[in-house]
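A.B. asks: Coordinates for the following, if possible.
(one chain, ligands or ions: 2)
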Amino acid sequence: MKITIIGTGYVGLVTGACLAEIGNDVFCLDVDPRKIEILNSGGVPIHEPGLQEIIARTRAHGRITFSTDVKASVEHGDVQFIAVGTPPDEDGSADLQYVLEAARNIGRYSNGFKVVVDKSTVPVGTAERVRAVIAEELDARGLDGSAGHRFSIVSNPEFLKEGAAVDDFMRPDRIVIGIDDDEAGLIAREKMKRLYGPFNRNHERTLYMDVRSAEFTKYAANAMLATRISFMNEMSNLADRVGADIEQVRRGIGSDPRIGYHFLYAGVGYGGSCFPKDVQALVRTAGENGHQLRILEAVEAVNYDQKEVLVDKIATRLGEDLTGRTFAVWGLAFKPNTDDMREAPSRRLIASLLARGAHVRAYDPVAIGEARRVFALDLAGTPDALARLSFVAKQDETLVGADALVIVTEWKEFKSPDFAHLKSVLKAPLIFDGRNLYEPQAMAELGIDYYAIGRPHAQFDSATDARA
Ligand SMILES: NC(=O)C1=CN([C@@H]2O[C@H](COP(=O)(O)OP(=O)(O)OC[C@H]3O[C@@H](n4cnc5c(N)ncnc54)[C@H](O)[C@@H]3O)[C@@H](O)[C@H]2O)C=CC1
Ligand SMILES: O=C(O)[C@H]1O[C@H](OP(=O)(O)OP(=O)(O)OC[C@H]2O[C@@H](n3ccc(=O)[nH]c3=O)[C@H](O)[C@@H]2O)[C@H](O)[C@@H](O)[C@@H]1O
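C.D. replies: Ligands and ions are numbered 1, 2, ... in the order given. Presented below is the predicted three-dimensional model:
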């Protein structure tokens with residue numbers, strides 16, 4: 001099938017690559033010439049396991065093209081996927097300018113029947129706006145925009161997770177397809193069925209529904225997941241106060257199949273490009289419809305505070321003023337296996353440490369380049385703080401002479417470090433762990449003063465702590 005993907009970010013590039021991998025002829029469009037240049041010279045602008053190999057293979061077979069040519073992109077695909085960003089506007093609502101611009105271009109250059117698939121996360125009602133914009137452009141060209149044989153709009157939200165995006169796309173839990181109940185909708189349904197058949201042989205994972213429900217499903221899914229995380233973070237803060245262990249509680253409740261084990265990890269708050277913006281956007285949609293989403297407002301507030309919890313523990317242990325202290329920080333990306341720094345908890349944590357006068361030496365297996373760019377912007381107004389932040393190329397280099405190790409992202413390589421070496425190079429054996437990677441009792445036995453999230457602080461031999 002001839003497919004066009006508009007927007008070659010995390011979602012667009014993965015969608016395009018995976019659709020090309022199973023034999024489709026894919027044209028990927030982006031307005032960012034830098035991204036297209038990287039892709040055309042054999043690179044991949046984002047870190048996503050498995051993606052580079054698929055792109056190399058499909059490019060070699062001529063099944064994927066990268067371009068900034070809008071007209072050629074619209075003319076190429078019978079199916080046009082809109083996968084552009086929908087960042088939060090100033091008031092928290094989803095900014096639809098990129099989606100509507102993509103729609104305008106489709107109307108401007110359409111050369112036949114197009115199935116227009118909205119893959120970006122968009123508020124309920126957006127499909128109707130996309131339809132109106134395309135119809136307006138067709139009308140301006142003297143083509144009847146309301147004619148049913150010109151195009152059909154499909155809502156096909158994406159549920160992939162960064163860091164596991166290729167796998168999630170290739171083996172989806174479900175494929176949600178919102179489609180109109182008219183003649184054009186029937187044609188679109190057949191095309192979508194053919195397109196997704198290879199991922200879902202008996203189509204048992206495809207859920208057809210009306211367009212508005214499909215748009216809503218995406219927000220409801222992210223809101224539910226964010227709620228679980230904020231719930232567990234609240235529980236962890238109480239566990240800290242009453243002396244319970246949130247990890248044992250997690251196992252205790254997860255074993256109930258009605259609750260399940262997934263997404264019950266307490267930590268330093270959720271980040272990324274989606275949960276924060278999608279929770280905000282849903283709260284905003286409710287407001288616009290005269291309704292208040294009280295649970296989601298609390299989810300957001302809890303998450304905001306959670307990003308300070310680790311710094312509060314550091315200040316309680318070492319004092320509010322951290323001038324002269326140096327912290328080794330492991331993990332910058334908002335989660336492992338990605339270089340994405342959008343809303344990463346490390347941004348608030350490091351800014352707070354620097355604001356208290358500390359020096360920070362940070363390491364991440366893949367996000368250092370992106371982190372340099374992001375912190376230069378975040379800290380542009382406080383150059384003295386920025387000067388106290390450095391990035392190092394090796395995990396162990398962060399530790400030498402540091403007052404403590406702070407863990408922010410749970411990369412695999414942080415799970416079993418050489419603790420004897422770690423103790424020997426840190427100024428004192430002190431760890432603040434925002435991801436509960438280690439066992440408190442084991443740390444105490446190793447003579448490490450270990451603070452985690454919602455886990456009791458085990459007794460350790462303070463004679464080994466130079467600062468005690
Ligand atoms: N990142 C993720 O894990 C997921 C994201 N989503 C949703 O998918 C959408 C895209 O997200 P990401 O891929 O993360 O965004 P992104 O920011 O990584 O990529 C968006 C791309 O669209 C391009 N673009 C903007 N306007 C354009 C236009 N008119 N024509 C062509 N290209 C244009 C941008 O240059 C950029 O490269 C968002 O709505 C997001 O909420 C959904 C599921 C997962
Ligand atoms: O709409 C989206 O963009 C995507 O948003 C999330 O995917 P993603 O943001 O890539 O990453 P997650 O694995 O969901 O993690 C999000 C944040 O929650 C945190 N988290 C996750 C799980 C958990 O138990 N605890 C926890 O704190 C992570 O550390 C991370 O900061 C959803 O999981 C995807 O299904 C969805 O498609």
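A.B. asks: Please confirm that residue 27 is located within a strand.
C.D. replies: Yes - residue state for residue 27 (DSSP: H, G, I helix; E, B strand; the rest coil) corresponds to a strand.
A.B. asks: per-residue confidence at it?
C.D. replies: In this prediction, residue 27 carries a pLDDT score of 98.
A.B. asks: residues contacting whichever residue of the stretch 1-150 of the chain sits closest to ligand 1?
C.D. replies: At 1.8 Å from ligand 1, residue 9 is the closest residue in the stretch 1-150 of the chain, using Cβ to the nearest ligand atom. The C-beta positions use only the backbone N, C-alpha and C, and glycine is treated the same way. Counting by Cβ atoms under 8 Å, 6 or more residues apart in numbering, residue 9 touches 30, 46, 83-85.
A.B. asks: and residue 154, that one's in a strand?
C.D. replies: Yes - secondary structure of residue 154 (three-state DSSP): part of a strand.
A.B. asks: circling back: out of the contacts of residue 9, which touch ligand 1?
C.D. replies: Among the contacts of residue 9, the ones lying near ligand 1 by Cβ under 6 Å from any ligand atom are 30, 83-85.
A.B. asks: hmm, the top helix by length along the chain touching ligand 2?
C.D. replies: If you go by DSSP state H, the chain has its longest helix at helix 211-242. Yes - with Cβ under 6 Å from any ligand atom as the measure, helix 211-242 is seen reaching ligand 2 through 222, 225, 229.
A.B. asks: Could you dump the contacts of residue 9 into JSON lines and include neighbour count, distance to residue 443 and pLDDT?
C.D. replies: As requested, the contacts of residue 9 are arranged in JSON lines below (neighbours: other Cβ atoms under 10 Å; distance: Cβ to Cβ, whole Å; pLDDT from 0 to 100):
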{"residue": "30", "neighbour count": "23", "distance to residue 443": "47", "pLDDT": "98"}
{"residue": "46", "neighbour count": "20", "distance to residue 443": "35", "pLDDT": "93"}
{"residue": "83", "neighbour count": "27", "distance to residue 443": "44", "pLDDT": "98"}
{"residue": "84", "neighbour count": "27", "distance to residue 443": "46", "pLDDT": "98"}
{"residue": "85", "neighbour count": "18", "distance to residue 443": "41", "pLDDT": "96"}
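A.B. asks: Make TSV out of those residues and add secondary structure and distance to ligand 2.
C.D. replies: TSV is the format used below for those (DSSP: H, G, I helix; E, B strand; the rest coil; distance: Cβ to the nearest ligand atom, whole Å):
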residue	secondary structure	distance to ligand 2
30	coil	18
46	coil	12
83	coil	11
84	coil	13
85	coil	11
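A.B. asks: what two of those have the greatest distance between them?
C.D. replies: 46 and 84 (14.9 Å; Cβ to Cβ).
A.B. asks: related to what we said a few turns ago, tell me the one of the contacts of residue 9 nearest residue 415?
C.D. replies: Taking Cβ to Cβ as the measure, residue 415 sits nearest to residue 46 out of the contacts of residue 9, at 24.2 Å.
A.B. asks: OK, contacts around that closest one?
C.D. replies: If you count contacts by Cβ under 8 Å, 6+ apart, residue 46 has them with 9-10, 13, 338-340.
A.B. asks: Spell out which residues of the stretch 151-300 of the chain are next to ligand 1.
C.D. replies: Close to ligand 1, as judged by Cβ under 6 Å from any ligand atom, the stretch 151-300 of the chain has residues 158, 160, 162, 273-274.
A.B. asks: 8 Å - rerun?
C.D. replies: With Cβ under 8 Å from any ligand atom as the criterion, the stretch 151-300 of the chain comes near ligand 1 at residues 157-162, 165, 218, 272-274, 277-278.
A.B. asks: Let's have the residues you listed in a markdown table, adding secondary structure.
C.D. replies: Shown next, in a markdown table, are those (three-state DSSP):
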| residue | secondary structure |
| --- | --- |
| 157 | coil |
| 158 | coil |
| 159 | coil |
| 160 | coil |
| 161 | coil |
| 162 | coil |
| 165 | helix |
| 218 | helix |
| 272 | coil |
| 273 | coil |
| 274 | coil |
| 277 | helix |
| 278 | helix |
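A.B. asks: out of those, which are buried?
C.D. replies: By neighbour count, with 16 or more other Cβ atoms under 10 Å, these hold 157-158, 160, 162, 165, 218, 272-274, 277-278 as buried.
A.B. asks: Mark out where each domain of this structure begins and ends.
C.D. replies: The chain breaks down into these domains under the TED database: 2-207, 210-467.
A.B. asks: picking that back up, now for the longest helix of the chain, which elements pack on it?
C.D. replies: If you count contacts as 3 or more Cβ pairs under 8 Å, 6 or more residues apart in numbering; DSSP states H and E, helix 211-242 packs onto helix 126-140, strand 151-155, strand 175-179, helix 246-254, helix 275-288, helix 294-306.
A.B. asks: Which of the ones you listed sits closest to ligand 2?
C.D. replies: Using Cβ to the nearest ligand atom, these put helix 275-288 closest to ligand 2, at 5.4 Å.
A.B. asks: Between helix 294-306 and that closest one, find me the angle.
C.D. replies: Relative orientation of helix 275-288 and helix 294-306, computed by axes from the mean of the first three to the mean of the last three Cα atoms, to 10 degrees: 140 degrees.
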